[in-house]
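Undergrad: Build the 3D model from these lines:
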Amino acid sequence: MAKDALRVIDFIRSADSEDPTACLRGAWPNIDIMRMLLEHGADQADFANDREALDWLLDQGVGINLTDTKRTDTGQRPEECHDYSVKVLNNVAANGDIELFDHLEARGANAQLSMALHCASKCHDAGKAPAMIDHLLDVHRMDIEADNEKLRQFFHAAGDFGTPLNCAVYHQNLPALRKLLERGAVPDKTLYATIDPVINDPWLPGLAPLLDAGADADDALERAVTHLRFGAAEICVAKGCNVSKVLGKQQAWLARFEKGEDVHVEDEVPEDEAY
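TA: Predicted coordinates for the structure are as follows:
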């Protein structure tokens, strides 16, 4: 059996040395081959919807927190990037499967080494996603302002980087966004702007909840005007932004630009110039 497993490993290396996970499910339920695949970089995250397979692997002594750092939870393998999170938990959270998540934690999975709260926004079931978020916060005490970049090392800009709130915006998941805001996520404390992608993507359903939760309406209007997002501007006005202040800043910026000054859209304008 060991020789057979070695031959399979050699074949995988020659055929697709970058992705041993691609052969993992095909090896089920041969524990010798599966164990060697896992040791050579495969990831049990692909079994996130298969409790039987996960239990069987754990019964054979496979570590539940074992993960392939060269791939993301979606199976992508960005060049020279590493994701150290427990991706099987990420994917279980993305499925909204509370029962399996707790089962795996009872068997030794470490929720704090996962990005489960971020990945819950991948679940577009309007009932499951908010329930999973509540569960992760209340039972597993996950950090609502956690930075997913602490568990991965990417050398490119990832659209879902930042806090769970950033991820809810990236995945355009309104129930998850509302639940995170309800539970105390603060828009202006996110590591990366939540307003920009909502206005520029655009994903207008997410704008009003963010403004209601304390995002800067004046800043949002300024971005909407700058990028000619009229729908977003209407929402900002309806939410009570200071239109005169924002337009004054725009006019002051244009005046400086016409004078040939080196200015940028993000430049701050002194209060006495803003009116």
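Undergrad: In the stretch 151-275 of the chain, where is pLDDT below threshold?
TA: Residues of the stretch 151-275 of the chain that meet the criterion pLDDT under 70 lie in 155-158, 189-192, 250, 252-275.
Undergrad: what are the ranges of the helices in it?
TA: Assignment of helices within the stretch 151-275 of the chain using DSSP state H, counting those that start in this stretch yields the ranges 164-170, 174-182, 195-200, 207-212, 217-226, 230-238, 243-258.
Undergrad: buried stuff in the first one?
TA: Spelled out, that is helix 164-170. 164-170 (16 or more other C-beta atoms under 10 Å). In short, each C-beta sits where N, CA and C put it, glycine included.
Undergrad: Now tabulate the helices of the stretch 151-275 of the chain in JSON lines and tack on distance to Lys70.
TA: Below are those laid out as JSON lines (distance: least, C-beta to C-beta, whole Å):
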{"stretch": "helix 164-170", "distance to Lys70": "22"}
{"stretch": "helix 174-182", "distance to Lys70": "28"}
{"stretch": "helix 195-200", "distance to Lys70": "27"}
{"stretch": "helix 207-212", "distance to Lys70": "35"}
{"stretch": "helix 217-226", "distance to Lys70": "37"}
{"stretch": "helix 230-238", "distance to Lys70": "39"}
{"stretch": "helix 243-258", "distance to Lys70": "45"}
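Undergrad: Could you say which of these is packed most deeply?
TA: helix 164-170 (a mean of 27; mean count of other C-beta atoms under 10 Å).
Undergrad: Which residues does it contact?
TA: Helix 164-170 is touched from outside by 117-122, 133, 144-146, 148, 159-160, 176-177, 180-181, 185, 187, 190-192, 194, 197-198, 203, 206, with contacts defined as C-beta atoms under 8 Å, 6 or more residues apart in numbering.
Undergrad: Now, of the residues you listed, which are buried?
TA: Buried among those by 16+ other C-beta under 10 Å: 117-122, 133, 144-146, 148, 160, 176-177, 180-181, 185, 187, 190, 192, 194, 197-198, 203, 206.
Undergrad: For the stretch 1-150 of the chain, give me the ranges with low pLDDT.
TA: Residue ranges of the stretch 1-150 of the chain with pLDDT under 70: 1-31, 33-34, 36-43, 75.
Undergrad: need the helices for it, in chain order.
TA: Using DSSP H, counting those that start in this stretch, helices in the stretch 1-150 of the chain cover 2-16, 24-27, 31-39, 51-59, 87-94, 98-106, 116-119, 128-138.
Undergrad: How far away from the center of its chain is the fourth one?
TA: Distance of helix 51-59 from its chain centroid, counting by C-alpha atoms, centre = their mean, to the nearest Å, is 27 Å.
Undergrad: Might you report the residue contacts of Asn49?
TA: Applying C-beta under 8 Å, 6+ apart to Asn49 gives the contacts 91-92, 95, 97.
Undergrad: ok, now Leu151?
TA: 83-85, 113-115.
Undergrad: if I pick the nearest residue to it once chain neighbours are set aside, what's in contact with it?
TA: In space, and not counting its chain neighbours, Leu151 is closest to Ser85: 4.2 Å by C-beta to C-beta, 6 or more residues apart in numbering. Contacts for Ser85 (C-beta under 8 Å, 6+ apart) come out as 67, 73, 113-115, 148, 151-152.
Undergrad: now those residues in a markdown table, with distance to Leu211?
TA: Formatted as a markdown table, the contacts of Ser85 follow (distance: C-beta to C-beta, whole Å):
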| residue | distance to Leu211 |
| --- | --- |
| Thr67 | 38 |
| Asp73 | 31 |
| Leu113 | 34 |
| Ser114 | 31 |
| Met115 | 27 |
| Asn148 | 24 |
| Leu151 | 30 |
| Arg152 | 30 |
